[in-house]
Each structure stands twice: as structure tokens, then as C-alpha cells.
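>>> Quick check, what structure comes out for this input:
(one chain, ligands or ions: 1)
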Amino acid sequence: MSLPRFDPADYPVQLAEKVARFAGDFAPLGVSAPEVFASEPLHYRLRAEFRMWHHGDGLVDYAMFAADDPKTPVLLEDFPAAAAPICALMPRLRDALRADDVLRRKIFQVEFLATLSGELMVSLVYHRALDEAWAAAARVLAERLGVQVIGRSRKQKIVLDRDWLLEEFDVDGRRLRYQQIEGSFTQPNGGVNRQMLGWARRQVMGVGGDLLELYCGNGNFTMALAPLFEHVLATEVSKSSVRAAHYNLEANGIDNITMVRMSSDEISDAFAGGREYRRMKDVDLANYRFSTLFVDPPRSGLDDATVKLARGFDRILYISCNPVTLRDNVAALADTHDIAAAAVFDQFPYTHHLEAGLLLTRRTAGG
Ligand SMILES: C[S@@+](CC[C@H](N)C(=O)[O-])C[C@H]1O[C@@H](n2cnc3c(N)ncnc32)[C@H](O)[C@@H]1O
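Residues are numbered from 1 along each chain as shown. You can find the predicted model right below:
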């Protein structure tokens with residue numbers, strides 16, 4: 001398998017093939033025609049990372065590796081999948097690295113993070129300890145490029161100014177704000193993410209009651225969905241994401257969300273009346289009137305305990321980046337829940353990956 005080719009002329013056919021595969025896989029579970037949300041065909045990725053390839057004589061280049069040939073670098077002049085500000089920054093950063101021994105020495109990888117709001121961050125990853133000389137050179141670089149610069153090496157992270165960006169965009173006429181912390185999960189395709197948020201809101205419009213959300217990350221969906229519910233209990237395992245989510249509650253002026261750092265199996269255990277969790281000491285589950293469960297798990301999907309938890313909800317809104325685990329989880333719920341709506345979101349054009357959304361509703365007696 002070689003690296004993907006980014007030719008917008010190929011895009012509609014590639015997307016149609018992926019959608020057809022998804023529709024075929026989910027037809028036995030009752031999906032006929034999912035709603036399809038396409039990506040921009042170029043410049044859609046807000047995150048990109050590259051190896052830095054050293055040729056000697058001070059020459060470094062961006063490199064990627066094909067999955068079937070992980071030893072041969074493919075040197076890149078540009079990367080048209082990346083957001084336009086990343087594309088504009090790439091040659092300027094490479095030239096700056098070529099021109100500066102301190103910044104270039106033992107640099108191993110470069111990671112870019114951009115936002116729709118126009119902020120940019122670059123993480124420079126090294127195979128050596130970073131010292132004051134590096135920090136001084138990196139400060140000059142950050143000033144010159146007008147971006148946040150982070151230095152990382154083994155057990156070391158140097159933050160010159162801040163290690164987060166502020167994303168801002170509108171969904172359904174409301175301005176949403178998100179702190180995005182370096183190294184934490186953020187949705188890669190900003191345009192498609194906005195479409196996912198709009199679709200998710202439409203599925204629960206007018207439902208009311210309370211929402212339980214698992215795998216909430218920095219609150220990407222939480223901030224968009226919260227005004228549609230009375231109370232939201234949102235959970236996530238990553239410390240930095242929970243920190244960002246707390247920041248985002250304030251930044252969005254939302255006061256009906258309770259955030260708890262819990263893994264999915266811990267929250268499933270708490271719902272099942274298992275052990276007492278100190279992190280839940282301010283949360284009385286009996287006070288909630290949950291109408292809806294929202295989940296957006298990693299590729300591994302829902303574990304058995306979480307599927308069991310899900311079974312207790314009338315409405316399950318499931319966003320998935322892996323149709324294989326999605327299908328397994330939905331099949332496991334098929335005796336109690338039907339698929340009421342389906343959508344695919346092409347977060348990853350020119351790859352076989354596809355993000356999907358399903359609304360599952362509990363089958364009524366005799367239904
Ligand atoms: C696909 S991301 C979705 C995040 C968020 N919904 C968003 O849209 O940005 C999955 C999230 O699940 C979290 N996660 C992974 N394993 C988990 C677990 N066992 N329990 C709870 N959260 C977990 C990750 O830290 C990550 O933030």
C-alpha cells in the first residue's frame with residue numbers, strides 16, 4: 001500500500017465506495033441509506049505529523065512511510081490534506097530547521113495542530129535532551145513564525161508560551177469555544193466535525209431530560225448538546241482532556257454539565273451499584289432523569305460492561321470511528337434497540353477509514 005494520492009477528481013468515487021461498503025455492512029441491521037457528509041477534498045486536516053529525515057549537510061525534509069514499506073522514507077514537499085495554514089507553514093519551518101543547527105540537531109518528528117479559528121501550534125520532537133540553548137532558538141522561531149512552539153523529548157516537554165490553542169466556530173448559530181491541549185485528542189477534520197455536531201444535535205432536538213455522555217474528550221459534543229438537555233453528566237478518562245473540558249464549560253458559559261474523570265468501565269460499574277468512587281462524591285445518580293446516552297469511543301468500541309449500561313437507555317446516540325466495532329456493539333443491542341437514524345462523516349478522505357453516527361431507540365412493547 002503506497003501513500004494516499006490527494007486528487008480531488010478521485011474523491012467522489014472513493015467516498016461513494018466507502019458509503020456503499022458501510023450501507024452493505026449495516027443493511028442486515030436495518031440501515032437503508034445513511035445520510036452522507038462529505039469532507040472538503042483538500043486542506044481538511046487540522047492535525048498532521050511527519051518524521052524529519054536527515055540527509056547530512058544540514059538537510060532535513062518531511063517524510064512519511066507507507067504501511068507496507070516502513071523503512072523507506074517518502075520525502076514530502078507538501079501535504080495537501082493539511083489545513084491551508086499548515087501547508088503555508090511547512091516550507092517556512094523546514095527552511096528554519098535547515099538554517100539552525102540547534103533546532104535541527106536530532107529532531108525526529110514534527111506535529112502540527114491548527115484550528116478553524118486560525119491558531120497554529122508546532123511540536124518539535126527530539127532524540128536528545130533539550131536545553132536552554134534550544135529554548136532560546138525556539139523562542140526566536142516561534143516569534144518569527146507567529147505560532148506556538150512546544151519542544152519534546154524523552155520525559156521532557158518544554159512549553160514556551162502555552163500548550164493549547166483556542167478553537168472557535170459556529171454550530172446552529174451558536175458560537176462554541178474549545179481549549180485544545182497539545183497531545184490530547186481533537187477531531188482531525190474541522191469541517192466534518194462541525195457537520196457531526198449539527199447532525200448529533202438534530203437527533204436529540206426536543207427530547208429533553210438528562211444526558212449521560214461517555215468518552216467526552218475536551219467536551220467537543222458536550223458543549224454543542226448541553227443546551228438541549230436539562231442536565232448533562234459527562235465522563236472521560238484522560239486528565240488533560242478533562243482539564244480542557246472544565247475550561248470549556250467556562251468559555252462557553254454553560255452551567256448544566258457535571259464533568260467527572262471516569263473510565264467507561266468505572267462509570268458502568270457505578271451505574272450498576274458497584275464500588276463507591278471518590279470522584280463521584282458530588283454526583284447523585286438517583287437525581288438524574290436520563291433520556292439519552294451519547295458515546296464516542298476509541299476504535300475499540302464499547303466494552304461489554306458499557307454495552308450493558310447502554311441497554312438501559314431509551315435513546316443511544318453513537319459516534320464511531322470504526323464501523324467494525326460499531327457493528328458488533330449494535331448487533332449486541334439488536335434485541336432491545338433499533339437503528340432510527342444513520343449517517344456517515346468522511347473525516348478521513350482518501351483512506352478506507354470512515355466515521356459513522358447511529359441513533360438507536362428502544363423498541364416499544366410489541367414493536
Ligand atoms: C474518539 S475520542 C472522542 C472525544 C470527544 N468525544 C471528541 O469529539 O473530541 C475518544 C475519547 O475516549 C477517551 N477514552 C479512551 N478510552 C476510554 C475509556 N476506557 N473510558 C473513558 N474514556 C476513554 C479518549 O481519551 C478520547 O478522549
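>>> Show me where the stretch 151-300 of the chain dips below the pLDDT cut-off.
By pLDDT under 70, the stretch 151-300 of the chain contains no weakly predicted segment.
>>> so what's the one residue in the stretch 101-250 of the chain that gets nearest to the ligand up against?
Closest to the ligand within the stretch 101-250 of the chain is Gly217: 2.7 Å, counting by Cβ to the nearest ligand atom. Glycine gets a C-beta too; all of them are placed from N, C-alpha and C. By Cβ atoms under 8 Å, 6 or more residues apart in numbering, Gly217 lies in contact with 184-186, 236, 238, 241, 245, 296.
>>> And for Arg311?
Arg311 is in contact with 333, 336-337, counting by Cβ under 8 Å, 6+ apart.
>>> Ser117 too?
Neighbours of Ser117 in contact, by Cβ under 8 Å, 6+ apart: 165-169.
>>> Give me the buried subset of these.
Using 16 or more other Cβ atoms under 10 Å as the burial test, these include 165-167, 169 as buried.
>>> I'd like those residues as CSV, with secondary structure and distance to Leu29 appended.
Shown next, in CSV, are the buried ones among the contacts of Ser117 (DSSP: H, G, I helix; E, B strand; the rest coil; distance: Cβ to Cβ, whole Å):
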residue, secondary structure, distance to Leu29
Leu165, strand, 38
Leu166, strand, 40
Glu167, strand, 34
Phe169, strand, 33
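>>> Closest one to Val13 out of the residues you listed, please.
Val13 has its nearest neighbour among the buried ones among the contacts of Ser117 in Phe169, at 29.4 Å by Cβ to Cβ.
>>> any chance of the buried ones among the contacts of Ser117 in TSV, with distance to Glu355 too?
TSV is the format used below for those (distance: Cβ to Cβ, whole Å):
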residue	distance to Glu355
Leu165	22
Leu166	24
Glu167	18
Phe169	18
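>>> shouldn't Thr258 be in contact with Val232?
Yes. Between Thr258 and Val232 there is a contact at 7.1 Å, judged by Cβ atoms under 8 Å.
>>> Give me the more crowded residue out of the two.
The neighbour comparison of Thr258 against Val232 (other Cβ atoms under 10 Å) goes to Val232, with 27 against 14.
>>> Might you report the residue contacts of the more buried one?
So Val232 contacts 210-213, 222, 225-226, 256-258 (Cβ under 8 Å, 6+ apart).
>>> can you tell me which of those residues are in helices?
Those of these mapping onto helices are 222, 225, per DSSP state H.
>>> which residues does Thr115 contact?
Counting by Cβ under 8 Å, 6+ apart, Thr115 touches 46, 165-168, 180, 190.
>>> returning to that earlier point: and the ligand, which of the contacts of Gly217 contact it?
185, 236, 238, 241, 296 (Cβ under 6 Å from any ligand atom).
>>> Can you flag the buried ones in the contacts of Arg311?
333, 336-337.
>>> Just send these back as CSV, with distance to Ala133 too.
Shown next, in CSV, are those (distance: Cβ to Cβ, whole Å):
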residue, distance to Ala133
Leu333, 57
Thr336, 62
His337, 60
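>>> from those, which is closest to the ligand?
Closest to the ligand, out of all of the buried ones among the contacts of Arg311 and judged by Cβ to the nearest ligand atom, is Leu333, at 18.6 Å.
>>> Local confidence estimate at that closest one?
The confidence metric pLDDT takes the value 98 at Leu333.
>>> these two touch, right, it and Val307?
Yes. In terms of Cβ under 8 Å, Leu333 counts as a neighbour of Val307; the distance is 6.6 Å.
>>> Strands along the stretch 51-200 of the chain, start to end?
59-66, 69-76, 107-114, 120-126, 148-153, 156-159, 164-171, 174-181 (DSSP state E, counting those that start in this stretch).
>>> Minimum distance to Phe345: which of these has it?
Shortest distance between Phe345 and the strands of the stretch 51-200 of the chain, using Cβ to Cβ, is found for strand 164-171: 14.1 Å.
>>> Run through who's touching that closest one.
With Cβ under 8 Å, 6+ apart as the test, strand 164-171 has contacts from 113-117, 119-121, 148, 175-182, 186, 190, 194, 197-198, 201, 224, 244, 251.
>>> With stretch 266-286 instead?
The contact list for stretch 266-286, computed with Cβ under 8 Å, 6+ apart, reads 214, 233, 235, 258, 260-262, 303, 305-306, 308-309, 312.
>>> what about burial for these, which qualify?
For the contacts of stretch 266-286, a burial check counting by 16+ other Cβ under 10 Å picks out 214, 233, 235, 260-262, 305-306, 309.
>>> who are the neighbours in contact with the residue sitting nearest the centre point of the chain?
With distances taken as Cα atoms, centre = their mean, Gln187 lies nearest the centre of the chain, 2.7 Å away. When contacts are counted by Cβ under 8 Å, 6+ apart, Gln187 is found next to 46, 193, 196, 220, 347.
>>> List, out of the residues you listed, those positioned next to the ligand.
Among these, the ones lying near the ligand by Cβ under 6 Å from any ligand atom are Asn220.
>>> Greatest separation within the contacts of Gln187: which pair is it?
Farthest pair in the contacts of Gln187 (Cβ to Cβ) is Leu46 and Met196. Separation: 13.8 Å.
>>> Produce a PyMOL select command limited to the buried residues of the contacts of strand 164-171.
Of those, the buried ones go into a single PyMOL selection, burial set by 16+ other Cβ under 10 Å:
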select buried, resi 113+114+115+119+120+121+148+176+177+178+179+180+181+182+186+190+194+197+201+224+244+251
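>>> got TSV for the contacts of stretch 266-286, with secondary structure too?
Formatted as TSV, the contacts of stretch 266-286 follow (DSSP: H, G, I helix; E, B strand; the rest coil):
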residue	secondary structure
Leu214	strand
Leu233	strand
Thr235	strand
Thr258	strand
Val260	strand
Arg261	strand
Met262	coil
Asp303	coil
Ala305	helix
Thr306	helix
Lys308	helix
Leu309	helix
Gly312	coil
